[in-house]
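Provided below are the primary sequence and the corresponding predicted coordinates.
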Amino acid sequence: MTPVVLLTGFLGSGKTTLLQRLLTDPTMQGAAVLINEFGEVGLDHHLLDRIDDTVVLLKSGCICCTVRGEVAEALANLESLRTRGEIAFDRVVIETTGLADPYPVLQTLTAHPVLRSHFVNGGVLTTVDAVNAARQVDHRDEAVRQIAAADRVILTKTDLADPAMVVNLRNRLSRLNPAATVVSAAEPVGTILGGFGPATFMGSFGTAVHVCDDRCDHSHDHGHDHRAHHHADLGVTSFSLVIEEAIDWTMFGTWLTLLLHRYGDRIFRVKGILVLEGEDRPIAIHGVQHLVHAPTHMDHWPEGPRHSRIVFILEGLSPDLIRRSFAAFTGLARVRTAA
Ligand SMILES: Nc1nc2c(ncn2[C@@H]2O[C@H](COP(=O)(O)OP(=O)(O)OP(=O)(O)O)[C@@H](O)[C@H]2O)c(=O)[nH]1
């Protein structure tokens, strides 16, 4: 039986960053990876160094919408490729979206007639952002459920957080999920993974809880325009900007900082790949609520046209406001929403 490790955690909490590190560990060399993203332009697979047939980007959407379809199909596909000898893997890591409810995924593993004879729950790793988690846990069920499902919590961004806040957060985590061990992301990978596996404790919510079916807007399943993927009753929208001209970094950085300063409460996540004036490599940018992370150079250009793409995940904020603000601030005329 092949273990499936679920890597979950709220938007921007450091899942992809952790995954990148985990994949360097010898125990993870044989791992197949499934990545799911909320937002119609998947970027995470471009941010990973390893790109081969065992890294699968699930179509856009959130895992809670697609779990019974795409995740199951992707796992079954991996299994049949392995049976035919076309690929080899000894475990699977699924990186969920930052808004995913992990329980349906775990349920699929145990209930699916085919998958359950090949795959087994290999444990749930949940990243928790030391800077933003308190607010996320206060306001978002998904954040609480991801923590409740964890076998191990990885505390990220402790280098950016006030130490007193980190102590409070650790106390809160142990109340939310006393069975999970809490490890700092700053620890070596060996420590993060040491002794890791599924606990017998399945979290106080049980496996029968399912957030999504009645609350998702499934218009994207029916070929409607879903350029702004919308979790209707959750009030969360994603959209992206595509910019064809090279961008001036000073102007962009100022705009993003001001935007997150003013609207960070309602901007869960910004991430993008930028084409900057005077730079021959793409730049990855990340923002989480009021926090703007340092930009990083990427090693290679993603496939497709060399345009900047910026994905926003918003709660109760109009994409139009952001689009207009960007166009006004940068003076760039050719800003469009991704199709
Ligand atoms: N300083 C610091 N930055 C971190 C840490 N972990 C992650 N980050 C930064 O946080 C930003 C978001 O990290 P990601 O790994 O993309 O987060 P994610 O959970 O995959 O994001 P989504 O897939 O959008 O939900 C990036 O700029 C990372 O470099 C950490 O421990 N310390």
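Received it, and whenever you're ready, just let me know what you need. Note that the coordinates shown come from a computational prediction; the quantities given were computed from them, not determined experimentally.

just the helices in this protein please.
Under the criterion DSSP state H, the chain contains helices at 15-22, 44-47, 63-66, 72-83, 102-111, 133-139, 141-148, 163-176, 189-193, 249-263, 319-330.

mean pLDDT lowest where, among these?
For the helices of the chain, mean pLDDT drops lowest on helix 63-66, to a mean of 49.

which positions in the stretch 51-200 of the chain make contact with the ligand?
The stretch 51-200 of the chain has residues 98, 127, 156-157, 159-160, 185 near the ligand, with proximity defined as Cβ under 6 Å from any ligand atom. (C-beta placed from N, C-alpha, C; glycine too.)

apply 5 Å and report the result again.
For the stretch 51-200 of the chain, the contact set with the ligand under Cβ under 5 Å from any ligand atom comprises 98, 156-157, 160, 185.

buried only: go through those for me.
By neighbour count, with 16 or more other Cβ atoms under 10 Å, these hold 98, 156-157, 185 as buried.

what's the most distant pair in those?
G98 and A185 (15.7 Å; Cβ to Cβ).

pull the lengthiest strand in the chain out as PDB, backbone CA atoms only.
Of all segments of type strand in the chain, defined using DSSP state E, the longest is strand 119-129. What follows is strand 119-129, C-alpha atoms only, in PDB (Å, rounded to 0.1, in the frame of the first residue of the first chain):
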ATOM      1  CA  PHE A 119      -3.400   3.800  -1.200                       C
ATOM      2  CA  VAL A 120      -3.400   4.500   2.500                       C
ATOM      3  CA  ASN A 121      -3.500   7.600   4.600                       C
ATOM      4  CA  GLY A 122       0.100   8.500   5.200                       C
ATOM      5  CA  GLY A 123      -0.700  11.400   7.600                       C
ATOM      6  CA  VAL A 124      -1.700  15.100   7.400                       C
ATOM      7  CA  LEU A 125       0.800  17.900   7.600                       C
ATOM      8  CA  THR A 126      -0.700  21.300   8.200                       C
ATOM      9  CA  THR A 127       1.300  24.500   7.800                       C
ATOM     10  CA  VAL A 128       0.200  27.300  10.100                       C
ATOM     11  CA  ASP A 129       1.400  30.900   9.400                       C
END
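
what helices and strands are in contact with it?
Where contact means 3 or more Cβ pairs under 8 Å, 6 or more residues apart in numbering; DSSP states H and E, strand 119-129 is packed against strand 2-9, helix 15-22, strand 91-95, helix 102-111, helix 141-148, strand 152-156.

let's have the ones you listed in a markdown table, adding distance to P319.
Formatted as a markdown table, the helices and strands packed on strand 119-129 follow (distance: least, Cβ to Cβ, whole Å):
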| stretch | distance to P319 |
| --- | --- |
| strand 2-9 | 25 |
| helix 15-22 | 23 |
| strand 91-95 | 25 |
| helix 102-111 | 28 |
| helix 141-148 | 21 |
| strand 152-156 | 28 |
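
nearest to A143, out of the residues of the stretch 51-200 of the chain next to the ligand: which one, please.
For these, the minimum distance to A143 (Cβ to Cβ) is 8.9 Å, reached by G98.

show me what contacts that closest one?
Taking Cβ atoms under 8 Å, 6 or more residues apart in numbering, we find G98 in contact with 9-13, 15, 38, 142, 268-269, 313.

one more: L173?
Taking Cβ under 8 Å, 6+ apart, we find L173 in contact with 128, 147, 153, 155, 180, 182.

look up how far the ligand lies from it.
For L173, the distance to the ligand (Cβ to the nearest ligand atom, to the nearest Å) stands at 16 Å.

okay, now the residue nearest to R135 when sequence neighbours are not counted: neighbour count?
Counting by Cβ to Cβ, 6 or more residues apart in numbering, the nearest residue to R135 once its immediate chain neighbours are dropped is Q289, at 7.1 Å. By other Cβ atoms under 10 Å, the residues close to Q289 number 21.

was I right about Q289 contacting L260?
Yes: counting by Cβ atoms under 8 Å, Q289 does reach L260; the two are 7.1 Å apart.

where do the contact lists of the two overlap?
Residues touching both Q289 and L260 (Cβ under 8 Å, 6+ apart) are I267.

now stretch 298-307: average pLDDT?
Mean pLDDT, computed over stretch 298-307, is 85.

what is the burial count for E187?
By other Cβ under 10 Å, the residues close to E187 number 13.

so what's it scoring on pLDDT?
At E187, pLDDT is 92.

try D101
Looking at D101, the pLDDT reads 84.

from the ligand, how far out is it?
On the measure of Cβ to the nearest ligand atom, D101 and the ligand end up 14 Å apart.
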